[in-house]
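K.L.:
make a model of this:
(one chain, ligands or ions: 1)
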Amino acid sequence: MLNIIIFGAPGSGKGTQSEYLIKKYNLAHISTGDVLRAEMKNGTELGKLAEGYISRGQLVPDDVVIGMLGHVLDSKKDVAGVVFDGFPRTLPQSNALDNLLKERGEEVSVVVSLEVEDPELIDRLIKRGQQSGRSDDNLETIKSRLDVYKDQTSPLKEHYKNTGKLASVKGVGTIDEIFVLISEAVDKVK
Ligand code: ADP
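P.N.:
The predicted model follows:
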């Protein structure tokens, strides 16, 4: 199975490139952000809990997202592979993912890290907020999400570099140009 982690700061294009990946390689897409937003929309207990963290630009606690991911993975049986979008975001989450995959006789194939500078990220997220109406795409929350990414998530790059799984890709250019680079990284591990 092809288990791809699409990694990067908020606004780096993870969601967009995930859509391209799932089509080209016939994979399932697991976006923890999408799952949490669906829970919020449905007004579930999990959604109510997540809302407070998301609207402040903080991470939802590890035990909550890890438990959620286990359930989502179970619902994606018999697939050619999975694109993990927005997960893992912390070291405990990456350990949990390794274990969840191991239990299923699987492992992470490649971690594609989309590299985009802060001013470009802020610009993209403000524009997205004007269209999506996402409550976390406003300047104040964007700034805390970028801080959280730097403090808690970007250290994972070192971890995946050490395991030889990291593929850094320039996340600036047209969507198609970036996807060519991502496909090259994926084809190497296919
Ligand atoms: P973005 O990458 O643009 O921030 P996401 O949809 O991936 O968008 O995430 C939106 C928010 O959902 C995050 O700021 C965070 O609060 C929450 N979230 C998503 N995935 C996780 C995760 N793996 N761990 C903790 N919180 C998460």
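
K.L.:
residue contacts, the most centrally placed residue in the chain?
P.N.:
Among the residues of the chain, Gly86 comes closest to the average C-alpha position under CA atoms, centre = their mean, at 1.8 Å. When the contact criterion is CB atoms under 8 Å, 6 or more residues apart in numbering, the partners of Gly86 are 14, 31-33. The way it works is simple: take the backbone N, C-alpha and C, and place the C-beta from them, glycine included.

K.L.:
among those, which two are most distant?
P.N.:
Within the contacts of Gly86, Lys14 and Thr32 form the most distant pair, 10.8 Å apart (CB to CB).

K.L.:
report the closest residue of the chain relative to the ligand.
P.N.:
Among the residues of the chain, Gly33 lies closest to the ligand, at 1.8 Å counting by CB to the nearest ligand atom.

K.L.:
distance of that residue from Asp78?
P.N.:
25 Å (CB to CB, to the nearest Å).

K.L.:
neighbour-wise, which of these two wins?
P.N.:
Applying other CB atoms under 10 Å to Gly33 and Asp78 shows that Gly33 carries more neighbours, namely 19 against 5.

K.L.:
quickly find the element holding that one.
P.N.:
Taking DSSP states H and E as the definition, Gly33 sits inside helix 32-41.

K.L.:
which other helices and strands contact that helix?
P.N.:
Using 3 or more CB pairs under 8 Å, 6 or more residues apart in numbering; DSSP states H and E, the elements in contact with helix 32-41 are helix 45-56, helix 62-74, strand 81-85.
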